[in-house]
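>>> With the sequence up front, the predicted model follows.
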Amino acid sequence: DGGITQSPKYLFRKEGQNVTLSCEQNLNHDAMYWYRQDPGQGLRLIYYSQIVNDFQKGDIAEGYSVSREKKESFPLTVTSAQKNPTAFYLCASSIDRAGVTDTQYFGPGTRLTVL
Amino acid sequence: LAKTTQPISMDSYEGQEVNITCSHNNIATNDYITWYQQFPSQGPRFIIQGYKTKVTNEVASLFIPADRKSSTLSLPRVSLSDTAVYYCLVGGTGNTGKLIFGQGTTLQVKP
């Protein structure tokens, strides 16, 4: 059963703590992405990666960090430096090859609440 | 990157056809038009993608005029389960990480 998985679905953390959100894909996609969504708003890009061991900042990277040690995995760490981390976090992946349109496929999301 | 403009919200009734129009005046030659659907607390789901004229799949149709400055997503005979937010995106090959999700159009289907 191919797709993108995110865990956990709900996550609670205390202020000042770092927390890592998991994202795994078995679609053999090259590119992976992390987005943040706030209530009633669209998606905002945090980080993306086109290849293992390389990633780029998106529009709102401050307070977040990522790693891409394996093609299938792209974990996101929400650090204590992120001032307003409560949000819905979405991971996506795409093929990202020359001549192929950049259609992104999304995971189910993780809802993070800071207490 | 081409910016898109779409209505914030739309209402419809079950069984009706719904057309959601998206404006993208600055679309580039190699840009495609893609529509996503998102239900509350779920990730967006790919609906349809096109470059020009008309594209149809089992879920929707996408109409793109010759100048490509707009596009229309058509949902035939909507049901209550089609209540969702619909996003129009413009982007081409080689634009990894540069798709822009606006606020989308919230479609409310009533019985």
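That came through, no problem. The shown structure was predicted, so the numbers you read here are calculated from the model rather than taken from an experiment. Residues are numbered from 1 along each chain as shown, chains lettered A, B, ... in the order given.

>>> Sheet-wise, list the partners of the one helix or strand B:Leu62 maps to with their directions.
Element membership for B:Leu62, per DSSP states H and E: strand B:61-64. If you go by DSSP bridges, strand B:61-64 pairs up with strand B:53-56 (antiparallel), strand B:70-75 (antiparallel).

>>> Just list the residues touching the closest residue to chain A within chain B, thanks.
Using C-beta to the nearest C-beta, the closest approach of chain B to chain A is made by B:Gly43 at 3.1 Å. Yep, even glycine has a C-beta here, placed from its N, CA and C like the rest. With contacts defined as C-beta atoms under 8 Å, 6 or more residues apart in numbering or on different chains, B:Gly43 is in contact with A:Ile4, A:Leu90, A:Cys91, A:Ala92, A:Phe106, A:Gly107, A:Pro108, A:Gly109.

>>> So which residues on chain A come close to chain B?
A:4, A:31, A:33, A:35, A:40-45, A:48, A:50, A:56, A:58, A:88, A:90-92, A:94, A:96, A:98-109, A:111 (C-beta under 8 Å from any C-beta of the partner chain).

>>> Spatially nearest residue to B:Pro111 (excluding sequence neighbours)?
Of all residues not flanking B:Pro111 in the chain, B:Glu14 sits nearest, at 5.8 Å (C-beta to C-beta, 6 or more residues apart in numbering or on different chains).

>>> Please provide the alpha-carbon coordinates for the strand holding B:Leu62, formatted as PDB.
Output of strand B:61-64 as PDB, limited to C-alpha atoms (Å, rounded to 0.1, in the frame of the first residue of the first chain):
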ATOM      1  CA  SER B  61     -13.300  18.600 -15.500                       C
ATOM      2  CA  LEU B  62     -10.800  21.400 -16.000                       C
ATOM      3  CA  PHE B  63     -11.500  24.000 -18.700                       C
ATOM      4  CA  ILE B  64      -8.600  26.300 -19.800                       C
END
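
>>> Cool, thanks, signing off.
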